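Q: Sequence and computational prediction follow.
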Amino acid sequence: MSTAPESRTAPGAGTDTARAFAPLRGQLQTAAEEFAGGPDALEDILLGMVDDVDRAVREPLEIFPVCHHSPASALAMARRLREKRPRVVYLELCEDMAPLLTELRNCRLPVAVQAFASDIDGFPPDWAPLSVVAPITEASAEYQAVAYALDTPGVELVLVDRSSDHVFQWDTRRPAGDDVPEDGTEAEPGSGAALHGEAVGVEIGDLRPRFAELEEHLLRHGKVRHWSEWWHQYVEVPLGDGDHDTYRQVMFLIGSLFRRLAPGDGDRVRVDEDRERYMWTRMREHLAATGTDPADCLYVCGAFHAASRVEEFGVHGADGFEIPRRTATTWQYGLIPSSHAAVEAQFGLASGSVSIAAAQWTKNLGRTRVEPYRLAGQAGTRKTPAKKSAAKKSAAPAANPVPDPATAEDRLSGFLQRPPALDALDEAELLGWSVDVVRAARRSGYLASTADAIAVFETSILLAGMRDRAKPTPYDFQDAAVTCIEKDTVPGRRDVRGIVESMMGGDRIGRVGYEALPPLARDVHDRLAPLELDLQQRGVRRALLDTASRPELRACSDVLWMLRRLMPHGAARPITGERRLGERSVQESWDLALGTHQRALIELGYEGVSLEQVLEQRLRRTAHGARATAAEVLAAVEDATLYLGGRRLADELGARALEVLSGERTVDGAPEVLRRVRGLLVYYRTAEPALPPWIESFVRAGYAHYCTLLPTAFRDEDATVGQVAAMLGFLFGMEGLALSLGCDRTQLELAVAQSHPKDPAKTALLWAAQVRLGTLSREELRARCDELLASPLVVPSYPRYLSGFVHALEPVPGLADVVVEAVSNAFGRLPDAVLLPWLPVLVTTLRSTAADLAPLLIREAGRTFPARLPALDAWIPPWRRPPAPPRTTPAATAVPRGASLLSAHPATCDALAELLGCDEEWAPAGGPPPGTAGAALLSAHPDTCDALARLLGRDEPRAPAGLLTP
């Protein structure tokens, strides 16, 4: 708050205005001396407020102060525009948003003008994306000015506030939570209050005390709950029927009061003053360039800025303010749907205040008979009669005589001294409200009756009397309805407070028309036209697609799947049908809510002109991001193949996946990499004649990469068992392809040999890998498990070994029988103190990290255990059965099995021999068959056969020399 001495009359002031406000100055000076006991800062504040009013009134360019979304400001604006009919309207709004205002006629209010930037240059990267919104409602002064200027020939509309780029240049990055609604409510993500998202809001006429003690004082003595209610009671209602001069001087006074009692927030004050310098500089530039007479202009701004004290104030203000250059950021502009709840959430207003203001606007129009300005052809507005509309368009702005600002009269003194007018109680209106709220409450599930309507009626009058009001306001009625009808629980979707807000006008949600949509959004609606649904309406629409009978719907299906990929959840939700690599549903069913998510569709249009272009840009951005992982890039490859088709983008992203994988030093994404690569390999092997070169290179590089990281991953405590199992799954699952591409299996054997884990689960995983490589037999693995169960020191950690065995089914699925045996032994031999706490761990492990392995384990258990309960008593587990006796060696004269059958029916062998060109004769019965010369070599050198038998787990003894074994 500035306490510097000020001149009581600005330089160049006329003596007429000085004399006009002299009585008010004297009264305030006397009051200050009596209240404070002498001249002090209070006198400077009070007299400075009069000086601010005097200065604003004397300005040759008429200043029209407004408050955002104020029915009184809108009514006064409509009345003044018809009286003065200015040729130029200067509006406090971002100057770069001007081209969008002409599209308002294609929308249903409320909507918001948006500036959006995703690729920023000149701002911190963590600020992206940048978004600025300026909501516009019908009950606002700015809409009246815009409608007048756009529909009146010869009138120019000039936006003079800082650009969207300067909004962020001057942004001090206030912490989140500054704009908290007055009643403490917050917007839910899916509600109408969240239509603006995280955008920075700009408004015309931000008029609220910045001095917390002042606001608390006004609310306490005004006997109201929040600032919106105070403004409605003490400003809106008294100024609703006031004349133009009274309205201006009162708004100047309020703006000056709030400005002089603002706390010392240096950054905010600096931004406010720079905005005022910016706007006055732009207006003087326009006046100099066009030669327009300031008397034919009207400057619409917030009352806070109307009481400005910067040197650049006025058409004769000081020059020299240098407007900063914009950054290289590329901005996109559009209109997005807004709502009353979104405006309240954006600017910290009480819930329902904008709806009540809209209802007050309609009531003021009916009472004063003022004809408001509305854009021709706008949806949701009353149509103007044809004759009147034609006359208005053909008529040029009338040169109405403008009173000299120097001869302005003092209207403040009379307004401040006049007692408030007591509105008579409108019993019919209040009774109608009471009956309607009870009727709506019963529809919502409340057990309300006629007695509740009477109670609401009487309580409203009682609350108004307690708050020194003769007529209950909508806020009094809302409190009375909550007091008399609300219960402990809300039986339906809406509570009593929400019911009252709906009665007063409800949360009206705007809509952007087709013509005002960006090209991408219009393209989406055109491509979905065969569905024959009104997708611009809010709500959910069910779409049924049968591509077999209607092939033209395949293009619609492609669009819907891309929308599901690009837009928020719920915008396009499939009910039946799916799309995976190599699979496409013939029939699909969708729930579409494009009208509800219109803002998200519009913001897609800022990124490109078609869905394919936006999707390709996003996939490239994901793949080439600084923190991109191999799993994320592979997901981008899959999406490119699934939604865009073709090989160009997929091959490019696949090469990027190979590059990212080579630079990774952790195994965090190994499970996802394994899943993606498996799916892509299956798809390419079935849909393509040959594998793409990039995936062959990926498998070859991945094999070497994971072999290198395997010993470290076994020792690393941060690497989980599932991640190490996924690495082994990649190595063993892709081993055949990798070896065919030139990889060396020795590298894998060395990596496993160099692994020495300490964690029990990883140790079990290593044992499984050794079994898979043949360096550990199944008998040795079973023996190690028995040793673990036999050691009392290791028994408590045995469940962790079992968890490792369960994960080992991913790389070595052939160990399912051993895992079933190990789990069965654990249930049979572990004490309850160890077993019972481990059971939840086993269930959660199977559910979270090994859900796809559970069917394999269950199938093996089904083959092992008896299928019927009575057989369980006599059942003996296979691992406890005595070993089968060795088979007896057949006699030397025995005939090999099948030889007698062949001798009895030689025609088949003769035909096959003739086909193969063999002319050998049949061997005599009982003699060695021909072609057994190799048997002698095998008998002389049995080591090879013995090694192969051990590898295959065969324990049959060799047959005697010269005899074929079966």
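A: Sure thing, it's come through. Numbers count the residues shown, from 1 in each chain.

Q: the longest helix in this structure is where?
A: When the chain is parsed with DSSP state H, its longest helix is helix 266-290.

Q: Contacts made by that one with the rest, please.
A: Contacts to helix 266-290, defined as CB atoms under 8 Å, 6 or more residues apart in numbering, come from residues 61, 88, 90, 92, 95, 158, 160-162, 166, 170, 172, 210, 262, 292, 294, 297, 299, 301, 304-305, 308, 310, 312-315, 317, 319, 321, 323. Heads up, the C-betas are built off the backbone N, CA and C, glycines and all.

Q: wait, isn't W767 in contact with R784?
A: Yes. Counting by CB atoms under 8 Å, W767 touches R784, with 6.8 Å between them.

Q: between the two, who's got more neighbours?
A: Neighbour comparison, W767 and R784: the larger count goes to W767, with 23 against 14 (by other CB atoms under 10 Å).

Q: Can you tell me how far the residue most central in space within the chain is from P135?
A: The residue lying closest to the centre of the chain (CA atoms, centre = their mean) is P568, at 6.3 Å. Distance from P568 to P135, counting by CB to CB, to the nearest Å: 21 Å.

Q: Run a quick neighbour tally on A328.
A: Neighbourhood size, A328 [other CB under 10 Å]: 10.

Q: How about I454: what's its closest non-neighbour residue?
A: Closest residue to I454 apart from its sequence neighbours, by CB to CB, 6 or more residues apart in numbering: S434 at 7.4 Å.

Q: quick one: the longest helix of the chain to chain centroid distance?
A: Put simply, helix 266-290 sits 36 Å off its chain's centre (CA atoms, centre = their mean, to the nearest Å).

Q: Report the rounded mean pLDDT for that helix.
A: Mean pLDDT, helix 266-290: 87.

Q: That helix: which residues count as buried?
A: For helix 266-290, a neighbour-count test (16 or more other CB atoms under 10 Å) marks 269, 271-284, 286-287 as buried.

Q: Quick one: end-to-end length of stretch 285-305, please.
A: Stretch 285-305 has an end-to-end distance of 19 Å (CA to CA, to the nearest Å).

Q: err, stretch 622-631, not the other one
A: Its start and end residues considered, stretch 622-631 measures 11 Å (CA to CA).

Q: in it, what counts as buried?
A: Counting neighbours by 16+ other CB under 10 Å, one finds that the buried residues in stretch 622-631 are T622, A623, A628, T629, A630, A631.

Q: any weak-confidence spans in the stretch 751-900 of the chain?
A: Within the stretch 751-900 of the chain, the ranges that satisfy pLDDT under 70 run 845-846, 848-851, 883-899.

Q: Now Q587. Its backbone dihedrals?
A: Main-chain dihedrals, Q587, degrees, to the nearest 10: phi -120, psi 140.

Q: Make 543 the first number, not 1, from now on.
A: Sure thing, new numbering starts at 543, so read that last one as Q1129.

Q: Hmm, it is touching A1090, no?
A: Yes. Q1129 lies in contact with A1090 (CB under 8 Å); the separation is 7.4 Å.

Q: Would you mind telling me which of those two has the busier surroundings?
A: Q1129 (13 against 10).

Q: Not counting residues beside it along the chain, what's closest to the more buried one?
A: Using CB to CB, 6+ apart, the closest residue to Q1129 is D1088 (5.2 Å).

Q: And P1299, by the same measure?
A: For P1299, ignoring the flanking residues on the chain, the nearest one in space by CB to CB, 6+ apart is F1256 at 4.2 Å.

Q: Provide the count of other residues in contact range of the nearest residue to V697 once chain neighbours are set aside.
A: Closest residue to V697 apart from its sequence neighbours, by CB to CB, 6+ apart: A691 at 4.8 Å. A count of nearby residues for A691, using other CB under 10 Å, gives 21.

Q: Same question for W1132.
A: When counting by other CB under 10 Å, one arrives at 24 neighbours for W1132.

Q: who's in contact with it?
A: W1132 makes contacts with R1084, A1085, L1087, L1102, A1114, R1115, P1116, I1117, as judged by CB under 8 Å, 6+ apart.

Q: what would these look like in CSV with pLDDT and neighbour count?
A: Output for the contacts of W1132, formatted as CSV (pLDDT from 0 to 100; neighbours: other CB atoms under 10 Å):
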residue, pLDDT, neighbour count
R1084, 92, 10
A1085, 92, 21
L1087, 92, 22
L1102, 94, 26
A1114, 93, 24
R1115, 93, 14
P1116, 93, 17
I1117, 93, 11
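
Q: which among the residues you listed gets closest to Y1185?
A: Set against Y1185, the nearest of the contacts of W1132 by CB to CB is L1102 (10.7 Å).

Q: what about the spatially closest residue to R1035 that is not a sequence neighbour, how many neighbours?
A: Leaving aside its sequence neighbours, R1035 sits nearest to S986 (CB to CB, 6+ apart; 7.2 Å). Using other CB under 10 Å, S986 has 19 other residues around it.

Q: ok, back up a step: so which of the buried residues of stretch 1164-1173 are in helices?
A: Using DSSP H, the members of those that fall in helices are T1164, A1165, A1172, A1173.

Q: Going along the chain, name the helices of the stretch 693-842 of the chain.
A: Ranges of helices in the stretch 693-842 of the chain, per DSSP state H, counting those that start in this stretch, are 706-711, 754-764, 769-773, 779-781, 786-802, 808-832.

Q: so which of the ones you listed comes closest to A1358?
A: Closest approach to A1358 among the helices of the stretch 693-842 of the chain is made by helix 706-711 (59.8 Å; CB to CB).

Q: Show me what counts as buried in stretch 618-631.
A: Residues A618, M619, A620, R621, R622, L623, K626, R627, P628, R629, V630, V631 are the ones in stretch 618-631 that count as buried (16+ other CB under 10 Å).

Q: Run through the bridge partners of the last one.
A: Same thing as V631. When bridges are called by DSSP bridges, V631 pairs up with L699, L840.

Q: Go ahead and confirm it touches E684.
A: No. Using CB under 8 Å, V631 makes no contact with E684, being 10.0 Å away.

Q: quick one: common contacting residues for the two?
A: Common neighbours of V631 and E684, using CB under 8 Å, 6+ apart, are V842.

Q: okay, and the helix or strand of the protein with the least pLDDT?
A: Lowest on mean pLDDT, DSSP states H and E among the helices and strands of the chain sits helix 928-936, with a mean of 46.

Q: Low-confidence stretches in the stretch 943-1092 of the chain?
A: For the stretch 943-1092 of the chain, the stretches flagged by pLDDT under 70 are 943-950, 952-967, 1047-1048.

Q: where exactly do the helices run in it?
A: Assigned by DSSP H, counting those that start in this stretch, the stretch 943-1092 of the chain shows helices spanning 954-959, 969-985, 992-1008, 1016-1027, 1038-1045, 1061-1069.

Q: on that earlier part again, whichever of the contacts of helix 808-832 end up buried, select them in PyMOL.
A: Buried subset of these, written as a PyMOL selection, criterion 16+ other CB under 10 Å:
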select buried, resi 603+630+632+634+637+700+702+703+704+708+712+752+804+834+836+839+841+843+846+847+850+852+854+855+856+859+863
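
Q: Tell me which of the contacts of helix 808-832 fall in strands.
A: Assigned to strands by DSSP state E, the following of the contacts of helix 808-832 qualify: V630, Y632, E634, V700, V702, D703, C839, Y841, C843.
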